[in-house]
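S.K.: Pasted the sequence and its predicted model underneath.
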Amino acid sequence: MGSDDSFSTRSIHDATAPRSVNPPAVGGIEQSAGWTFADLDEVDDVYEGLRRGAIYGGSGVPNHWALEAALCSLHGAVETLITAAGMSAMAAAFFTCLRHGDTVVVSRDLYSSTARLLADFARFGVRSVFADVYDPAALTKTLSAGARLLVVETISNPRARVIDVAALAAAAHEHTALLLVDNSLASPYHCQPLRLGADIVMESLTKFIGGHHDLMLGALCGRRELIEPARSFAARCGLIGSAFDCWLACRSLATLELRLSRSSSNALAVASWLATQAAVKATHYSGLPADPSYAAADATLSRGFGSIVSFELADDRAAVDRFLAHLRLIKLVLSFGGVATTVSHPVTSSHRSLSQDERAAVGLHDGFLRLSVGVEDPADIIRDLKCGLAAV
Ligand SMILES: *Cc1c(COP(=O)(O)O)cnc(C)c1O
């Protein structure tokens with residue numbers, strides 16, 4: 001780092017500055033794949049966990065640790081693993097919990113990529129069995145045939161049905177199965193499944209926790225003996241997300257309560273309004289007293305009923321297109337959980353690989369729409385929907 005160094009050496013080594021004696025108000029992004037060590041004792045100590053140090057980008061850096069600490073706190077978890085997406089978290093959980101010959105019981109009402117991922121596991125001798133998780137007797141019968149894992153969603157995608165987490169945890173444990181809850185539609189703001197008896201929680205941070213459609217990450221939270229094998233697996237397979245996305249997610253967590261208290265109260269107003277509209281054949285939202293999930297939501301959710309409202313127009317693709325064309329604020333976006341209200345159409349997107357019969361079995365048709373209610377003024381959201389419905 002002296003003037004004796006040549007041009008190429010200086011261009012590599014001279015972009016250095018001392019750390020500020022006073023820390024920044026916001027932590028930085030440590031976007032480094034490689035980490036330096038003072039000596040071999042420090043290498044030993046970091047590998048053995050005697051001192052907390054980063055080894056390699058693929059095994060997690062301080063931005064991952066910060067986000068993991070926040071999620072441990074919010075979920076009441078001993079350990080959290082951050083991964084590059086919700087689906088890599090799910091893959092890490094399946095790879096480490098399941099063995100050849102195991103059976104997984106899954107809700108019929110499930111995010112379609114989770115069902116497809118489990119179908120991939122059939123090649124390794126893992127069988128998945130669908131069950132009606134809203135019918136305790138049917139579920140007990142399925143579990144009693146022997147299962148290693150029960151996989152459910154707190155609020156299902158796209159039907160927005162709510163499970164009774166505590167009852168399902170008791171049923172799973174009675175049959176020595178583990179309960180894995182995909183909490184992506186609820187987020188820790190509305191539900192903390194570990195506190196209700198679940199063994200593992202999966203979150204797609206891409207959705208409500210990210211909150212701005214600008215990052216992709218996932219998380220697994222739970223006991224040490226369940227999460228540590230997943231952490232090693234994720235490091236081996238490169239399933240860890242980027243430091244930048246972790247930094248964005250920490251920024252977003254700071255406003256999770258502000259965003260979700262507003263969007264869930266907006267969702268209740270929107271669902272209550274939709275339920276009174278002649279063009280709307282059905283509204284699915286657990287905050288409506290007539291909804292089949294109202295009682296389960298009381299047991300499972302807190303601080304409101306979430307920000308996803310599904311509703312059905314007539315089974316008529318052209319009418320749905322007219323509805324979408326007359327929305328001004330609400331865009332057709334196939335993800336959800338952002339600050340703006342968005343709408344998705346499961347039949348042409350998340351559920352397009354299903355046959356007509358399979359779709360009918362889960363109650364999906366061309367008129368089925370899923371709203372992700374945002375934090376705008378609720379009167380403006382309703383005015384936009386009114387314009388769309390007038391065109392149907
Ligand atoms: C989006 C989603 C996932 C997958 O998360 P990614 O971050 O997109 O991988 C899993 N489960 C549910 C319920 C989701 O909505």
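M.R.: Arrived safely.
S.K.: Assign residue 25 to one of the three secondary structure states.
M.R.: State at residue 25, reduced to three classes by DSSP: H, G, I helix; E, B strand; the rest coil: coil.
S.K.: For it, give its distance to the ligand.
M.R.: Using C-beta to the nearest ligand atom, to the nearest Å, one gets 29 Å for the distance from residue 25 to the ligand. (Glycine included, C-beta is placed from N, CA and C.)
S.K.: now swap in residue 331 and tell me
M.R.: Using C-beta to the nearest ligand atom, we find residue 331 at a distance of 18 Å from the ligand.
S.K.: same check, this time on residue 35
M.R.: In terms of C-beta to the nearest ligand atom, residue 35 sits 27 Å off from the ligand.
S.K.: Flag every residue of this protein that's near the ligand.
M.R.: The chain comes close to the ligand at residues 85-87, 111, 114, 153, 157, 182, 184-185, 204, 206-207, 216, 218, as judged by C-beta under 6 Å from any ligand atom.
S.K.: let's see it at 5 Å
M.R.: Within the chain, the residues that sit near the ligand (C-beta under 5 Å from any ligand atom) are 85-87, 111, 157, 182, 184, 204, 206.
S.K.: Tell me which of these fall in helices.
M.R.: 86-87 (DSSP state H).
S.K.: Which pLDDT value goes with the residue of the chain found nearest the ligand?
M.R.: Per C-beta to the nearest ligand atom, residue 86 is where the chain lies closest to the ligand, at 2.4 Å. In this prediction, residue 86 carries a pLDDT score of 98.
S.K.: What strand or helix carries the nearest residue to residue 273 once chain neighbours are set aside?
M.R.: Excluding its sequence neighbours, the residue lying closest to residue 273 (C-beta to C-beta, 6 or more residues apart in numbering) is residue 382, at 5.3 Å. Per DSSP states H and E, residue 382 falls inside helix 378-391.
S.K.: Run a quick neighbour tally on the residue of the chain closest to the ligand.
M.R.: For residue 86, the neighbour count with other C-beta atoms under 10 Å is 24.
S.K.: The one 10 residues further on too?
M.R.: Under the neighbour criterion other C-beta under 10 Å, residue 96 is assigned a count of 19.
S.K.: and it, helix, strand or coil?
M.R.: Under three-state DSSP, residue 96 comes out as helix.
S.K.: follow-up on the earlier one: look up how far residue 342 lies from the residue nearest to residue 273.
M.R.: 15 Å (C-beta to C-beta, to the nearest Å).
S.K.: So these two - more neighbours on which side?
M.R.: More neighbours surround residue 342 than the other of residue 382 and residue 342, with 22 against 16 (other C-beta under 10 Å).
S.K.: Residue 179 should be in a helix, yeah?
M.R.: No - applying three-state DSSP, one finds residue 179 to be strand, outside a helix.
S.K.: Might you list the low-confidence residue ranges for the protein?
M.R.: Flagging of the chain using pLDDT under 70 yields the residue ranges 1-2.
S.K.: what domains does the record give for it?
M.R.: 40-253, 256-390 (automatic domain parsing).
S.K.: can you map out the strands along the stretch 201-350 of the chain?
M.R.: For the stretch 201-350 of the chain, applying DSSP state E, counting those that start in this stretch gives strands covering 218-222, 282-284, 308-312, 331-332, 342-344.
S.K.: Next, the buried residues of the helix holding residue 382.
M.R.: Neighbour counts over helix 378-391 (16 or more other C-beta atoms under 10 Å) mark 378, 381-382, 384-385, 388-389 as buried.
S.K.: chain center to it, what's the gap?
M.R.: Centre-to-centre, helix 378-391 and its host chain are 28 Å apart (C-alpha atoms, centre = their mean, to the nearest Å).
S.K.: go on, stretch 102-115?
M.R.: 15 Å.
S.K.: Quick one: end-to-end length of that stretch, please.
M.R.: Its start and end residues considered, stretch 102-115 measures 16 Å (C-alpha to C-alpha, to the nearest Å).
S.K.: now swap in stretch 74-89 and tell me
M.R.: In stretch 74-89, first residue to last residue: 18 Å (C-alpha to C-alpha).
S.K.: possible to save the domains of the chain as JSON lines with distance to residue 17?
M.R.: Converted to JSON lines, the domains of the chain look like this (distance: least, C-beta to C-beta, whole Å):
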{"stretch": "domain 40-253", "distance to residue 17": "19"}
{"stretch": "domain 256-390", "distance to residue 17": "34"}
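S.K.: so which of these is the most packed in?
M.R.: domain 40-253 (a mean of 20; mean count of other C-beta atoms under 10 Å).
S.K.: Now do the contacts for the closest residue to residue 265 other than its chain neighbours.
M.R.: Leaving aside its chain neighbours, residue 265 sits nearest to residue 304 (6.3 Å; criterion: C-beta to C-beta, 6+ apart). When contacts are counted by C-beta atoms under 8 Å, 6 or more residues apart in numbering, residue 304 touches 190, 260-261, 264-265, 267-268, 287.
S.K.: Sort out which one of those lies nearest residue 299 for me.
M.R.: residue 190 (12.5 Å; C-beta to C-beta).
S.K.: Not counting its neighbours along the chain, what's nearest the closest one?
M.R.: Distance criterion C-beta to C-beta, 6+ apart; nearest residue to residue 190, sequence neighbours excluded, is residue 301 at 4.8 Å.
S.K.: next one: residue 294
M.R.: residue 286 (5.9 Å).
S.K.: wait, doesn't the one you found sit right on residue 306?
M.R.: Yes - Residue 286 lies in contact with residue 306 (C-beta atoms under 8 Å); the separation is 7.4 Å.
S.K.: Surely residue 42 is in contact with residue 52?
M.R.: No - contact criterion C-beta under 8 Å: residue 42 and residue 52 do not qualify, at 11.5 Å.
S.K.: what's next to the longest helix along the chain, contact-wise?
M.R.: Identified as the longest helix of the chain according to DSSP H is helix 256-274. Outside helix 256-274, the residues that touch it by C-beta under 8 Å, 6+ apart are 187-190, 208-209, 211, 280, 283, 285, 287-288, 303-309, 311, 339, 341, 371, 373-376, 378, 381-382, 385.
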